[in-house]
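> got a sequence here, can you model it:
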Amino acid sequence: MSDERPPDYLYHYTTAEGLKGIVENREIWASDIFSLNDSSEVYHGRDLLFDCLNARKSKLDPNLKKQLIASLEELGPRKFVSTYVCSFSKEGDDLSQWRAYCPHGGYAIGFPTDQLQEFAAGQDGVSLECCVYERKDKLKLCRRFIRTLDGGPRYSLKLYAEIFAAEFACRFKHKAFKSEEEWRLISAVLEGFGSETTPEFRCRGSLVVPYLRFTLTERALWKRVKIAVGPCRHPKEAKAYVARLLHAAMTKHGEIPDPRADQVTISEIPFRQM
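Numbers count the residues shown, from 1 in each chain. Predicted structure coming up:
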């Protein structure tokens, strides 16, 4: 878990179809880190680790360093460890994210952070982490990783390279995206080694990419969920229909909706800004 104090709510930006699936099925999908639009950040993290390894202060055995660098150069879609992430933002009504994730209209679904923390704590290999934007903070994490090699490696160096991607580089984001203040649910899976976690696959363009389902079944979470309607032509209608969607999903799951609950809001950003 990150040292940074988390906000009360974390928001996931999605399309109308995505929102419907999340609310009705009470699950959210985590994508393989190398299938993300910004997967280059993992390689950026690797390059920063190279800088740390080549620094004069590095006390790592030269042969070990050489082998680790060779393993890091082969880093890519999993050989041993698969890393899946689901992204959230501290901001629930951010123009740049409306444009990036739902340019034709969409929603930001806000989850109580304490409920997400409770979910992560109850899952094997899952954590809720804040993204890192500043170079100095990234280098700090790289040096922390290098210290795990003190006394010699306990596993193959190829596995260490993938552990670096799974535990450290998957949190790295370019400074230009700092306004998003992103947090991530991260799942590191050692597939094919007795793990009970098996990915599913979806089509994206010409690719068939793996993902995991995070099932969020706690009733207390859904009573506190907030949904923001993004900038669109018919915000009042969208708000009314989403409220009905929430109530229908609660009924489906054997719960009694509170007619007084006002869980849906409308973005304050004008549609013309899109």
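> for the residue nearest to Gly21 when sequence neighbours are not counted, what are its contacts?
The spatially closest residue to Gly21, leaving aside those adjacent along the chain, is Glu27, at 7.6 Å (C-beta to C-beta, 6 or more residues apart in numbering). The way it works is simple: take the backbone N, C-alpha and C, and place the C-beta from them, glycine included. Contacts here follow C-beta atoms under 8 Å, 6 or more residues apart in numbering; on that basis Glu27 touches Gly21, Arg213, Phe214, Thr215, Leu216.
> quick check, Trp222 in a helix?
Yes: per DSSP: H, G, I helix; E, B strand; the rest coil, Trp222 lies within a helix segment.
> and for it, the neighbour number?
Trp222: 20 surrounding residues under other C-beta atoms under 10 Å.
> residue boundaries of the strands in the chain?
Counting by DSSP state E, the chain has strands at residues 9-14, 27-32, 81-89, 107-112, 126-130, 182-190, 200-204, 207-215, 226-229, 264-266.
> do you know how far the nearest residue to Phe88 once chain neighbours are set aside is from Glu74?
In this structure, Phe88 finds its nearest non-sequential neighbour in Leu10, 3.7 Å apart by C-beta to C-beta, 6+ apart. Distance check for Leu10 against Glu74: by C-beta to C-beta, to the nearest Å, it reads 34 Å.
> out of the two, which sits in the busier spot?
Higher neighbour count among Leu10 and Glu74: Leu10, with 27 against 10, using other C-beta under 10 Å.
> name whatever forms a beta bridge with the more buried one.
On the basis of DSSP bridges, Leu10 is bridged to Phe111.
> okay, it: pLDDT?
Leu10 carries a pLDDT value of 98.
> for Ala120, give me its contacts.
Ala120 makes contact with Met1, Val126, Ser127, Leu128, Leu185, according to C-beta under 8 Å, 6+ apart.
> any idea of the mean pLDDT for stretch 68-82?
Taken as a whole, stretch 68-82 carries a mean pLDDT of 80.
> which strands or helices does the one helix or strand in the chain whose mean pLDDT sits lowest pack on?
Using mean pLDDT, DSSP states H and E, helix 157-167 stands out as the lowest-scoring helix or strand of the chain, at a mean of 83. Contact here means 3 or more C-beta pairs under 8 Å, 6 or more residues apart in numbering; DSSP states H and E; on that basis helix 157-167 packs against helix 40-54, helix 62-73, strand 81-89, strand 182-190.
> now the ones you listed as TSV including mean neighbour count and distance to Leu246?
What follows is the helices and strands packed on helix 157-167, written out as TSV (neighbours: other C-beta atoms under 10 Å; distance: least, C-beta to C-beta, whole Å):
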stretch	mean neighbour count	distance to Leu246
helix 40-54	18	34
helix 62-73	15	45
strand 81-89	24	19
strand 182-190	22	22
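> count of residues packed around Tyr160?
Tyr160 has 21 neighbours, counted by other C-beta under 10 Å.
> ditto for Arg233
Neighbour count of Arg233, defined by other C-beta under 10 Å: 8.
> ok, now which ones touch Leu246?
By C-beta under 8 Å, 6+ apart, the contact set of Leu246 is Val23, Trp222, Val225, Ile227, Pro257, Gln263, Val264.
> what's the distance between it and Ser206?
According to C-beta to C-beta, Leu246 and Ser206 sit 36 Å apart.
> need the strands of the chain in a markdown table (columns: distance to Asp137).
Listed next are the strands of the chain as a markdown table, based on distance: least, C-beta to C-beta, whole Å:
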| stretch | distance to Asp137 |
| --- | --- |
| strand 9-14 | 20 |
| strand 27-32 | 23 |
| strand 81-89 | 18 |
| strand 107-112 | 25 |
| strand 126-130 | 10 |
| strand 182-190 | 14 |
| strand 200-204 | 31 |
| strand 207-215 | 26 |
| strand 226-229 | 29 |
| strand 264-266 | 33 |
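> alright, I will stop here.
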